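Asks: What shape does this take:
(one chain, ligands or ions: 1)
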Amino acid sequence: MAQPPFQAGQPIVSLRDVGKTFPNGVAALRDVTFSVREHEFVSLLGPSGCGKSTALRIIAGLLEPSAGEVIWRDGARAENLPMPRGEIGFVFQEPTLMPWASVAGNVYLPMKLAGIGRAEAAPRIRDALARVGLEAFEQAYPRELSGGMKMRVSIARALVTQPKLLLMDEPFAALDEITRFKLNNDLLTVWAAMRQTAIFVTHSVFESVYLSGRIIVMTQRPGRVHSEIAVDAPYPRTEAFRTSSEYAALCRKVSEALVDAMAQDDSANESKREPAA
Ligand code: ADP
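Replies: Presented below is the predicted three-dimensional model:
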């Protein structure tokens, strides 16, 4: 039986019957229910526009659901208080770095917003940069960095507050394959070392299988949970896993689920259509 590097714990966050309809009438999510346990690495997988980012933003507290609820449990809190912002790290699709600030200045931002002085933050900034292999680039500026390095800075910025929950919205979609593979490996190393809970949005079957302990497959918009697939392969995962027959078989299984999810036509729901421009 495959073992993760540590046992997943209690549910840390659950979505229950969550729906989201935007003010322009687009129904992005409907009746979405799933839980994520402490220390898990879970991917939300689905076609573009199925509502994955919307679900992640709802978890982050950046969007309010129009229906259903988000239930927080971290073991320490009995009541359903949302996780404090400082305990959530968010990595966006684009690195979104401030061009006028150094790498260290960019990573400092969440600590600055939390009112922590630069001197006090300095060791944490160095630690976060070391975790993504950029310790030598503290003083560099974003324009001097490759796309992969910019994304590493963005990950370091999300890690600097030592969040319990790391939310990632297709962070590697714009990168070339070799860089993406490398960042996949480094991300798993960081996740295993920091014992976070990770929720990763992707439309890549291959990426979701490589990274995740569990994959939540979503249907087309309005996104619903089609199925949950356990990726029962041990961590740490390496390039040997990527080329294994086990990986290929898992990718096939997840691909089939995704094809089935995409075939589910929810034509009864009129609001699925894009409104006229
Ligand atoms: P995914 O992450 O799966 O690609 P999103 O969650 O980004 O999907 O988007 C789901 C749907 O909701 C898309 O049709 C998108 O155009 C729409 N959408 C996302 N954000 C907004 C918004 N703020 N206002 C209106 N429609 C939105």
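Asks: Burial check on Arg195, number of neighbours?
Replies: Applying the criterion other C-beta atoms under 10 Å, we find 12 residues in the vicinity of Arg195. Bear in mind the C-beta positions are built from the backbone N, C-alpha and C, glycine included.
Asks: Residue of the stretch 151-277 of the chain nearest the ligand, please.
Replies: Per C-beta to the nearest ligand atom, the residue of the stretch 151-277 of the chain with the smallest distance to the ligand is Arg221, at 5.4 Å.
Asks: Touching, that residue and Ala27? I think so.
Replies: Yes. Assessed by C-beta atoms under 8 Å, Arg221 is found in contact with Ala27 at 7.0 Å.
Asks: moving C-terminal of the helix or strand hosting Phe34, what's the next helix or strand?
Replies: Element membership for Phe34 (DSSP states H and E) is strand 27-37. Using DSSP H and E, the helix or strand that follows strand 27-37 towards the C-terminus is strand 41-45.
Asks: Could you tell me how far that following strand lies from the centre of the chain?
Replies: 7 Å (C-alpha atoms, centre = their mean, to the nearest Å).
Asks: partners of that strand, with directions?
Replies: Strand 41-45 has the following strand partners under DSSP bridges: strand 197-202 (parallel), strand 214-218 (parallel).
Asks: got the angle between it and strand 27-37?
Replies: 160 degrees (axes from the mean of the first three to the mean of the last three C-alpha atoms, to 10 degrees).
Asks: what sits up against strand 41-45?
Replies: Strand 41-45 is contacted by residues 36, 52, 55-56, 188, 191, 197-205, 207-208, 211-218, 254, 258 when judged by C-beta atoms under 8 Å, 6 or more residues apart in numbering.
Asks: mind running it again at 7 Å?
Replies: Strand 41-45 is touched from outside by 36, 52, 55-56, 191, 198-203, 205, 208, 211-218, 258, with contacts defined as C-beta atoms under 7 Å, 6 or more residues apart in numbering.
Asks: Now do stretch 168-188: distance to the chain's middle.
Replies: Once both centres are worked out by C-alpha atoms, centre = their mean, stretch 168-188 turns out to sit 12 Å from its chain's centre.
Asks: oh, I was asking about stretch 133-151
Replies: Taking C-alpha atoms, centre = their mean, one finds stretch 133-151 lying 21 Å from the centre of the chain it belongs to.
Asks: That stretch: end-to-end distance?
Replies: Using C-alpha to C-alpha, to the nearest Å, one end of stretch 133-151 lies 12 Å from the other.
Asks: What lies in contact with that stretch?
Replies: 95, 97, 99, 102-104, 126, 129, 152-153, 156, 171-172, 174-175, 179, 183, 186.
Asks: Quick one: mean pLDDT over it.
Replies: Mean per-residue pLDDT for stretch 133-151: 96.
Asks: And that stretch, what's buried?
Replies: Gly133, Leu134, Phe137, Glu138, Tyr141, Pro142, Leu145, Gly148, Met149, Lys150, Met151 (16 or more other C-beta atoms under 10 Å).
Asks: From Leu15, how far out is the last one?
Replies: Noted for Met151: a distance of 27 Å to Leu15, by C-beta to C-beta, to the nearest Å.
Asks: what about the helices in the stretch 1-150 of the chain?
Replies: Assigned by DSSP state H, counting those that start in this stretch, the stretch 1-150 of the chain shows helices spanning 52-60, 103-113, 118-131, 147-159.
Asks: can those go into a markdown table with extra columns for distance to the ligand?
Replies: Compiled in a markdown table, these are given as follows (distance: least, C-beta to the nearest ligand atom, whole Å):
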| stretch | distance to the ligand |
| --- | --- |
| helix 52-60 | 3 |
| helix 103-113 | 23 |
| helix 118-131 | 26 |
| helix 147-159 | 17 |
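Asks: Among the ones you listed, which comes closest to Glu239?
Replies: Taking C-beta to C-beta as the measure, the helices of the stretch 1-150 of the chain were each checked against Glu239, and helix 147-159 came out nearest at 16.9 Å.
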